[in-house]
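S.K.: could you look at this predicted model? Sequence included:
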Amino acid sequence: MILGVVFHASLPFATAGWMVNDWKRNEGLMLFVSWVHGFRMPLFIFVSGYFTMMVWRGRGLKALLKQRFLRVFLPLIAGVVTVLPLQDWCVGWARSRAQAQDAVRFSTPGIRSEVVEAVRRGDLAMLRTLLESGADPNEVDPEIRAPVLSWASHYNNPEAVRLLLDKGADVNKPSAGGHRALHSAAFFAHPEVLRMLIERGADVRVKDNSGSTSLQATRGSWSDVRGIAQFLRIPVPSDETAFRQRREQCRQLLSQNGAGDLKASTAPKESSVANGSKAPETQEGLLTASRRAYRDLLTSDQFEVKGSGRISGGDGSGRWHLVLGSIFDHLWFLWFLCWLVGFFALAVSVWGRLGLPRIPHAWLLSPAWPLVLVPITLIPQLWMAPFGPNFGPDTSVGLIPQPHLVVYYGIFFTVGALYFESGDVEGRLGRGWVWLLVVANAVLFPLGLATAERQPILSGVLQILFAWMMCLGFMGLFRRYLSGENPVIRYLADSAYWLYIMHHPLVALLQSLIRPWDLSPFLKWLILSVSLIGVLLVSYHYLVRSTWIGWLLNGRRIPRSGKPTSNVG
C-alpha cells in the first residue's frame, strides 16, 4: 500500500489527467507509473486471496465474514463519507490555487501558446493579428498537446474555426491522443462547428488512438462530458435536454456525410478475399469490434441515474453513472474485496453442500503454471483498456464493478487461495525469483509497452506474464530477505492501511504547494513522496496506532510502547 502512495505521488508529474497537474512532466515517471501499475494490485489481490483462505480454514466462514466486515467494509464506508469529501475539498482548493498560479505564469511571454490563449479567451481580434503576423495555425498547446483548431472546437467558436481554416489550419490534425477537432465537436455536441469542419474536408471516418470515430464519440455519457469539460477548463454544459438535442443533430450530420449508422459502427466488418467473396474480419479486427461494443456498454446512459453526489471527482451534475462515476476513487479496491470475499463465501458454501472434492493445485507448484494461468487470465485481459492503450489492469471506481475486472482480479484472488491450500512450506513457488524478476523487467515490460497499441493480443500475453512473474518473483524475494521478524517492517506494515486511505487529500494539498517550484519533476516527486509518508506516519503514530481507529484497521490496539493489547482478526 505504501507503494501506492508513491505511485499516486508520481502522477502529477507523469500525466496530464491527474487531480492537480504540475507544470513540468517527466516521461521517465510515466514508465514508473506503468511499471508499478502492471503488478501492484494483482499482487495485493493475490495476497488477499491467500489470507482469506487462511482465515476461513483457521476460524471458519462466520469469523471470516465478520473480520472482512470490520477490516474492509466499515473502513470503506467511513472513507467514502469522510476521506473522499475531504479529498474533494482539497482538490477544489488546489485547482483554484493552480488556476491563480497559471494566470500569473501564463502572463509571461513565451510560456504558453498565444494562439491557443486567444482562442480560450474568445479574442478573435488578437487571434487574427497573431495569424496575420505569422503565427502557426497548427500550433499545439504544450499543456494538453492539442492543436489550436481543437481548442476552437472545444469552445464551440465557429468564427475562430473559420479563421484558422482560412489561414491554413489542418482540419484533420490530431492531438497526442489522436483526437481531431471533429471528435471534439461531436463529443461536446457542437453541430455548427461540426458542419463547418465537414464542409472543409474533415474525415468523418478517422479514428483516434483508441479506435473511436467521431460518430462513436457521441456515445460519451452526460457525466463524462461534464467531467472532461471541467478538466479542460472549458464551459461546462448545464442543460442536459438541450445537449442531447444538439448531440442528435451531430449524429445526423455525421451519418449524412458518410460516417455510417451509430449502431452499425460497432459491428464486425467484412473484408474481401482474393476470389472476391466476403470473409470475416481478422481475429484482431473482431477483437477490436467486441472491445468497442463492450466500451459502449460500459458508457451507456442506461447506467445513469438521477441523484447528487460524487461524479468525476465531485462534479455535482445531478447524475450518477453507476459504472464510470467516481464513487469510491482510490478506495475502489476495498469495494472489490467485498465482492471477491462474497463470491468466495458463496463458492465454499456451495462446494461444501455439494460435497465436491478440492480443486487440484499441484500444477501451481510445478513449472507448468504459465500453461494454466496465462490462458485463463488472457480472457479478461483482452478487454482491458477499452478507452485507449494502457499497460496494466484498468481501474473501476463506480458502484457497479466492471465485469472484466471482477473476472481478472477474481483469478488472482483464487490462485492466492489455492496457494494457501498447496501448503508450500518449502517455498517452491517463487524459488527462481531472480530470473523471474529479471525476465519480467528486462523483457516482458518493455515489449508489453511497445505492443500495447498495435498488437493487443500479444501485449495482453506479455502483460499477464509480467504481472504473474512479478507476483511470484516478489514473493520469493520477500521470503528470502524479509521472512524473519523485523520491527521496522512490522511498523510500516501496520501503518500502510492508514497511509493509503488518507494520502489522496494530502497529495492534492502538498503538490499544490510545491507546484510553482522551479525544480525537476523527478526531484519534486521525491520531495512530495517523502513529505507524504512522513506526515502520514506521524499522524498514524499519534492519532491512530493506539486508538480505536488502529483497532478497526489492523485488528489490534497498540500502545506507543509497541505491544498489542489485543489481536482481533
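M.R.: Perfect, I can see it now.

S.K.: list the contacts of Ser113.
M.R.: Each residue near Ser113 by Cβ atoms under 8 Å, 6 or more residues apart in numbering is listed here: Glu139, Val140, Asp141, Pro142, Val148. For the C-beta atoms, the positions are set from N, CA and C on the backbone; glycine is no exception.

S.K.: pull the number of nearby residues for the third one.
M.R.: Just to be clear, that refers to Asp141. Neighbour count of Asp141, defined by other Cβ atoms under 10 Å: 20.

S.K.: tell me which element the residue nearest to it when sequence neighbours are not counted is part of?
M.R.: Closest residue in space to Asp141, ignoring its immediate chain neighbours: Val116 at 4.5 Å, by Cβ to Cβ, 6 or more residues apart in numbering. In the assignment (DSSP states H and E), Val116 maps to helix 114-121.

S.K.: now do the next helix or strand after that helix against helix 114-121, angle only.
M.R.: Next helix or strand after helix 114-121 toward the C-terminus (DSSP H and E): helix 124-132. Helix 124-132 runs at 160 degrees relative to helix 114-121, counting by axes from the mean of the first three to the mean of the last three Cα atoms, to 10 degrees.

S.K.: and helix 124-132, what's buried?
M.R.: Across helix 124-132, burial judged by 16 or more other Cβ atoms under 10 Å covers Leu127, Arg128, Leu130, Leu131.

S.K.: mean confidence (pLDDT) on it, please.
M.R.: Helix 124-132 shows a mean pLDDT of 89.

S.K.: packing partners for that helix?
M.R.: With contacts taken as 3 or more Cβ pairs under 8 Å, 6 or more residues apart in numbering; DSSP states H and E, helix 124-132 sits against helix 114-121, helix 158-166.

S.K.: so what's Gly534 scoring on pLDDT?
M.R.: pLDDT at Gly534 comes out at 94.

S.K.: ok, it - how many residues close by?
M.R.: Gly534: 10 neighbours (other Cβ under 10 Å).

S.K.: nearest to Trp351, of the helices and strands packed on helix 124-132?
M.R.: With respect to Trp351, and counting by Cβ to Cβ, the nearest of those is helix 114-121 at 60.4 Å.

S.K.: list the buried residues for the closest one?
M.R.: Glu114, Val115, Val116, Glu117, Ala118, Val119, Arg120.

S.K.: and the longest helix seen in the chain, how far out from the chain's middle?
M.R.: Ranked by residue count, the top helix of the chain under DSSP state H comes out as helix 487-514. Relative to the chain's own centre, helix 487-514 is displaced by 20 Å; criterion: Cα atoms, centre = their mean, to the nearest Å.

S.K.: what comes up buried for it?
M.R.: Neighbour-count burial for helix 487-514 [16+ other Cβ under 10 Å]: 491-492, 494-512, 514.

S.K.: that one packs against which elements?
M.R.: Against helix 487-514 (3+ Cβ pairs under 8 Å, 6+ apart) you get helix 2-10, helix 84-106, helix 521-539, helix 548-554.

S.K.: quick one: mean pLDDT over the second one.
M.R.: pLDDT averaged over helix 84-106 equals 82, rounded to a whole number.

S.K.: hmm, who's touching stretch 192-204?
M.R.: With Cβ under 8 Å, 6+ apart as the test, stretch 192-204 has contacts from 152-153, 156-158, 161-162, 165, 171-172, 180-182, 185-186, 213-215, 250, 253-254, 257-259.

S.K.: show me what whichever helix or strand Met470 is part of is packed up against.
M.R.: Met470 belongs to helix 456-481 when assigned by DSSP H and E. Judged by 3+ Cβ pairs under 8 Å, 6+ apart, helix 456-481 is in contact with helix 40-59, helix 283-298, helix 369-381, helix 433-439, helix 445-451.

S.K.: just give me the neighbour total for Gly60.
M.R.: Neighbour tally, Gly60, other Cβ under 10 Å: 11.

S.K.: tell me which residue lies nearest the centroid of this protein.
M.R.: Thr395 (4.6 Å; Cα atoms, centre = their mean).

S.K.: nearest residue to that one other than its sequence neighbours?
M.R.: In space, and not counting its chain neighbours, Thr395 is closest to Trp332: 6.4 Å by Cβ to Cβ, 6+ apart.

S.K.: okay, the angle between the helix or strand where that neighbour lies and helix 40-59?
M.R.: Here Trp332, judged by DSSP H and E, is contained in helix 332-354. Angle of helix 332-354 versus helix 40-59, following the same axes, to 10 degrees, is 40 degrees.

S.K.: by mean pLDDT, flag the weakest helix or strand of this structure.
M.R.: Sorting the helices and strands of the chain by mean pLDDT, DSSP states H and E puts strand 270-272 at the bottom, at a mean of 36.

S.K.: just the buried positions in the helix holding Trp332, please.
M.R.: Trp332, Phe333, Leu334, Trp335, Phe336, Leu337, Cys338, Leu340, Val341, Phe344, Ala345, Val348.

S.K.: I'd like these as TSV, with pLDDT and distance to Leu298 appended.
M.R.: Below are the buried residues of helix 332-354 laid out as TSV (pLDDT from 0 to 100; distance: Cβ to Cβ, whole Å):
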residue	pLDDT	distance to Leu298
Trp332	94	15
Phe333	94	19
Leu334	96	21
Trp335	95	17
Phe336	96	16
Leu337	96	21
Cys338	96	20
Leu340	96	20
Val341	96	24
Phe344	95	25
Ala345	95	27
Val348	92	30
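
S.K.: which among those gets closest to Phe32?
M.R.: Of all the buried residues of helix 332-354, Phe32 sits closest to Phe333, with 19.9 Å by Cβ to Cβ.

S.K.: pLDDT score for Val415?
M.R.: 94.

S.K.: re earlier: using a markdown table, lay out the buried residues of helix 124-132 together with distance to Ala9.
M.R.: A markdown table is the format used below for the buried residues of helix 124-132 (distance: Cβ to Cβ, whole Å):
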| residue | distance to Ala9 |
| --- | --- |
| Leu127 | 39 |
| Arg128 | 44 |
| Leu130 | 38 |
| Leu131 | 41 |
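
S.K.: which pair in these spans the largest distance?
M.R.: Arg128 and Leu130, at 7.4 Å, using Cβ to Cβ across the buried residues of helix 124-132.

S.K.: angle of the helix or strand encompassing His404 against helix 456-481?
M.R.: Per DSSP H and E, His404 falls inside helix 403-422. Interaxial angle of helix 403-422 relative to helix 456-481 (the same axes, to 10 degrees): 30 degrees.

S.K.: just checking, what packs against helix 403-422?
M.R.: Helix 403-422 packs on helix 40-59, helix 332-354, helix 369-381, going by 3+ Cβ pairs under 8 Å, 6+ apart.

S.K.: can we see that at 6 Å?
M.R.: In terms of contacts (3 or more Cβ pairs under 6 Å, 6 or more residues apart in numbering; DSSP states H and E), helix 403-422 is packed against helix 40-59, helix 369-381.
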